[in-house]
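1. Could you work out the structure for the sequence below:
(one chain, ligands or ions: 1)
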Amino acid sequence: MAQFDLRLQDLHNGLKDKQFSVSELTEASFKRISETDSAVQAFLTLNEEGARAQAAELDKQLQAGGERGLLFGLPSGVKDNIVTEGLRTTCASQFLRNYDPIYDATVVRKLKAAQSVTIGKLNMDEFAMGGSNENSSFFATRNPWNTEYVPGGSSGGSAASVAAGQVYFSLGSDTGGSIRQPASYCGIVGLKPTYGLVSRFGLVAFASSLDQIGPLTKNVEDSAYVLQAIAGYDQMDSTSANVEIPDYTSALTGDVKGLRIGVPKEYMGQGVDPQVKEAVLAALQVYESLGATWEEVSMPHTEYAVATYYLLASSEASSNLARFDGVRYGVRAENPDNLIDLYRKSRSEGFGSEVKRRIMLGTYALSSGYYDAYYKKAQQVRTLIKRDFDQAFEKYDILIGPTAPTTAFRIGEQVGDPLTMYLNDILTIPVSLAGVPAVSIPCGLAEGMPVGLQIIGKPFDESTVLRAAHAFEQNTDHHKARPQL
Ligand SMILES: NC(=O)C[C@H](N)C(=O)O
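-> Model (predicted):
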């Protein structure tokens with residue numbers, strides 16, 4: 001997909017100079033999807049009619065020579081837990097297989113305002129619960145680098161579609177790693193913004209104290225542009241932060257001289273694949289050669305993060321998913337004996353096994369006899385984990401480590417073993433619990449599969465995270481590697 005390999009500015013110039021039209025870009029996206037999606041299976045729903053109408057409208061504006069939005073004409077995909085007016089939104093669940101929302105999420109409104117063309121809705125693990133896309137109740141998305149491998153999750157469709165050149169960029173959501181881990185597995189850039197920077201209004205809630213929407217792109221500059229378009233205060237989201245939004249692209253100076261980098265030793269320890277570690281150490285050398293300094297730091301509560309996350313996220317999920325009762329949304333079970341039976345049957349039929357597992361775990365953790373021992377304790381440990389970050393950021397500007405302990409694994413390899421699957425997020429979950437921003441960028445290949453470098457920043461300091469990521473990209477070629485499809 002040659003055009004989608006262009007830089008955003010070049011695409012904009014190409015449109016302005018009439019080298020191609022928005023409709024042509026849109027058709028190129030659908031063509032690429034028709035060529036590759038039988039192998040990749042990233043899309044759940046295509047917005048063919050809507051996208052073509054949107055493109056025609058934008059072409060008219062182009063002819064008229066009016067102002068162009070930040071993402072003018074760029075084909076994008078949206079994770080299927082972000083609601084789109086009139087466009088099916090299933091969360092990859094049987095429960096919502098016939099759900100057509102009556103409004104757009106704030107981020108979707110913002111994409112439209114920035115004049116991106118919505119190509120379709122992307123596959124994911126059901127209700128964002130999972131790290132491989134195998135928990136989608138429809139089909140498993142495949143990794144474009146090797147279709148025998150998982151793309152990661154839960155935003156696996158979002159990552160795979162960008163890596164496969166089907167769309168120019170996509171949106172995903174990240175609760176415990178769901179943007180960063182699939183970005184790492186698919187060799188692209190995935191940014192989880194600070195909790196509260198991007199509105200969650202219209203994101204189907206999984207764990208409300210953790211969920212954040214962010215961009216998946218092929219390079220850091222695009223990530224900055226998309227973040228610019230979607231960040232900002234929204235009165236429709238009570239957790240939205242009312243902070244000034246900086247100009248993210250102007251932060252991309254290429255200069256990291258004097259930048260102080262902490263490398264959590266717990267992120268480079270047991271269980272981290274030696275080839276992944278090697279790629280991260282090589283990246284640190286690049287930073288050193290650019291005038292940054294790095295040293296080891298200890299984040300002593302890292303080992304409790306996965307347990308803490310599965311108590312808190314599951315507790316919040318058990319509460320959030322109570323709304324799926326067979327009455328208000330989606331599918332309703334047939335021939336119930338009474339109201340309770342309607343709830344029971346609808347939920348039994350509508351949810352997949354991972355979702356049920358988490359609802360049961362969360363409901364247990366919240367039950368009165370166990371609340372103090374589990375939920376409350378987990379909240380206290382969350383504070384300790386957050387404190388690890390606060391302390392590290394007194395001394396360092398950013399933290400760097402791997403995004404995931406390994407590269408992508410084979411489809412089927414871990415489905416039967418939820419605990420192993422949960423451990424894939426061991427390096428992304430602490431960041432989510434602390435609510436700070438982090439990006440995953442490509443930093444090499446191990447046996448032909450991409451390795452992700454995680455760069456973690458201070459709250460609302462996306463600019464430094466992006467600056468550091470961009471500087472690495474400017475001095476290496478890893479982001480230019482493309483899968484053969
Ligand atoms: N949703 C996420 O951010 C990913 C994580 N693997 C989970 O299943 O909870």
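
2. Contact residues of this structure facing the ligand?
-> 128-131, 154, 174-178, 313, 425 (CB under 6 Å from any ligand atom). Just so you know, the C-beta spots here come from the backbone N, C-alpha and C atoms, and that holds for glycine as well.

3. again, only using 5 Å
-> Proximity of the chain to the ligand (CB under 5 Å from any ligand atom) is limited to residues 128-131, 154, 175-178, 425.

4. Show the contacting residues for the nearest residue to Ala159 once chain neighbours are set aside.
-> Nearest residue to Ala159, sequence neighbours excluded (CB to CB, 6 or more residues apart in numbering): Pro182, at 3.6 Å. By CB atoms under 8 Å, 6 or more residues apart in numbering, Pro182 lies in contact with 133, 151-156, 158-160, 172, 190, 216.

5. from these, which is closest to the ligand?
-> Closest approach to the ligand among the contacts of Pro182 (CB to the nearest ligand atom): Ser154, at 4.5 Å.

6. and the residue in the stretch 301-450 of the chain that the ligand sits nearest to, helix, strand or coil?
-> Scanning the stretch 301-450 of the chain for proximity to the ligand using CB to the nearest ligand atom identifies Asp425 as nearest, at 4.7 Å. At Asp425 the chain is in coil, as set by DSSP: H, G, I helix; E, B strand; the rest coil.

7. what about the nearest residue to it once chain neighbours are set aside, distance to Ser298?
-> In this structure, Asp425 finds its nearest non-sequential neighbour in Gly177, 4.1 Å apart by CB to CB, 6+ apart. Applying CB to CB, to the nearest Å, the value for Gly177 to Ser298 is 21 Å.

8. my read: the residue nearest to Asp425 touches Leu433, true?
-> No. Contact criterion CB atoms under 8 Å: Gly177 and Leu433 do not qualify, at 11.0 Å.

9. For His12, grab phi and psi.
-> Main-chain torsions, His12, degrees, to the nearest 10: phi -60, psi -40.

10. contacting residues for it?
-> By CB under 8 Å, 6+ apart, the neighbours of His12 are 68, 72-73.

11. Which residue ranges of the protein form strands?
-> For the chain, the strands defined by DSSP state E cover 43-46, 75-79, 117-122, 169-174, 189-192, 212-217, 260-264, 293-297, 398-402, 438-446, 449-457.

12. from the ones you listed, which stretch is densest packed?
-> Comparing these by mean neighbour count (mean count of other CB atoms under 10 Å), strand 189-192 ranks first with a mean of 33.

13. So what touches that one?
-> Taking CB under 8 Å, 6+ apart as the rule, strand 189-192 contacts 155, 159, 172, 174, 179-180, 182-184, 212, 214-220, 222-223, 227, 428, 431-432, 437-442, 452, 462, 465-466, 469, 479.

14. same thing with stretch 261-271?
-> Counting by CB under 8 Å, 6+ apart, 277, 280, 284, 287, 292-300, 302-303, 392, 395-402, 405, 423, 426-427, 454, 468 sit against stretch 261-271.

15. redo that, cut-off 6 Å
-> By CB atoms under 6 Å, 6 or more residues apart in numbering, the residues outside stretch 261-271 that reach it are 277, 292, 294, 296-299, 302, 392, 396, 398-401, 405, 427.

16. Most widely separated two among these?
-> The span of these, defined through CB to CB, is set by Ala292 and Pro405 at 24.2 Å.

17. mind checking how far the nearest residue to Thr406 once chain neighbours are set aside is from Glu447?
-> Distances taken as CB to CB, 6+ apart place Asp273 nearest to Thr406, at 4.7 Å, with adjacent residues excluded. Per CB to CB, Asp273 is found 10 Å from Glu447.

18. Okay then, goodbye and thanks.
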